[in-house]
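**Student:** could you look at this predicted model? Sequence included:
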Amino acid sequence: MDTSVIGGCCDPEFQEWSNGLLEDFEAGRYGLLLSSLTDAEIEDAPEEVKDIYFRFREAAQEASGLTDEAIALADEYLRHGIVPESFVDDARRIAIATAATADILVSWNFKHIVRYEKIRRFNAVNLEMGYKPISIHSPMEVTTHVR
């Protein structure tokens, strides 16, 4: 899961689905993997977002750091032009999840992450580099919360 889901808990447009996903994690319906990138991004967040982040942290089964393996994979995403170099953290997010063998990455980032053509390209690189494909979806597609 990336940081946009946490912020989504406070955003009227996304809060229903982000909070639903948080409830799914808290109920143990899904295992949650957080990354060191999320930890770093939360440091400067408003207190309301930090409070929600701590709920996600408590529900997390594990945390994954930015390993040399993930950096090398993210560099391949950049080399293939999937995301601009100025958005290296988006590439690293996907690389961390892929290297950690996560089944899915959940994000509200529709520009650089949750886009059909980008997902196909991330997974082409993953296969080329010997990794399994990763599913990438928005919280609305993943949460068991239904309107």
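**Tutor:** Happy to help now that I have it.
**Student:** show me what the helix or strand of the chain with the lowest mean pLDDT is packed against.
**Tutor:** Counting by mean pLDDT, DSSP states H and E, the chain has its least confident helix or strand at strand 62-64, which shows a mean of 80. The contact analysis (3 or more C-beta pairs under 8 Å, 6 or more residues apart in numbering; DSSP states H and E) places strand 62-64 against strand 33-35, helix 36-42, helix 88-99. In short, each C-beta sits where N, CA and C put it, glycine included.
**Student:** following element in sequence after it, please.
**Tutor:** Downstream of strand 62-64, the first helix or strand assigned by DSSP states H and E is helix 68-79.
**Student:** now do that next one against helix 88-99, angle only.
**Tutor:** Interaxial angle of helix 68-79 relative to helix 88-99 (axes from the mean of the first three to the mean of the last three C-alpha atoms, to 10 degrees): 130 degrees.
**Student:** what's in contact with helix 68-79?
**Tutor:** With contacts defined as C-beta atoms under 8 Å, 6 or more residues apart in numbering, helix 68-79 is touched by 64, 83, 85, 88, 91-92, 94-96, 98-100, 121-122, 125-126, 128-129, 131.
**Student:** in it, which residues are buried?
**Tutor:** For helix 68-79, a neighbour-count test (16 or more other C-beta atoms under 10 Å) marks 70-71, 73-74, 76-78 as buried.
**Student:** now do stretch 123-132
**Tutor:** Applying 16+ other C-beta under 10 Å to stretch 123-132 flags 123, 125-126, 131 as buried.
**Student:** distance to L21, pLDDT and secondary structure added to those, as CSV?
**Tutor:** Below are the buried residues of stretch 123-132 laid out as CSV (distance: C-beta to C-beta, whole Å; pLDDT from 0 to 100; DSSP: H, G, I helix; E, B strand; the rest coil):
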residue, distance to L21, pLDDT, secondary structure
N123, 22, 98, helix
V125, 27, 98, helix
N126, 24, 98, helix
Y131, 24, 98, coil
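**Student:** let me know the closest of those to G28.
**Tutor:** Y131 (26.8 Å; C-beta to C-beta).
**Student:** if I look at that closest one, how far off is I42?
**Tutor:** 27 Å (C-beta to C-beta, to the nearest Å).
**Student:** cool, thanks, signing off.
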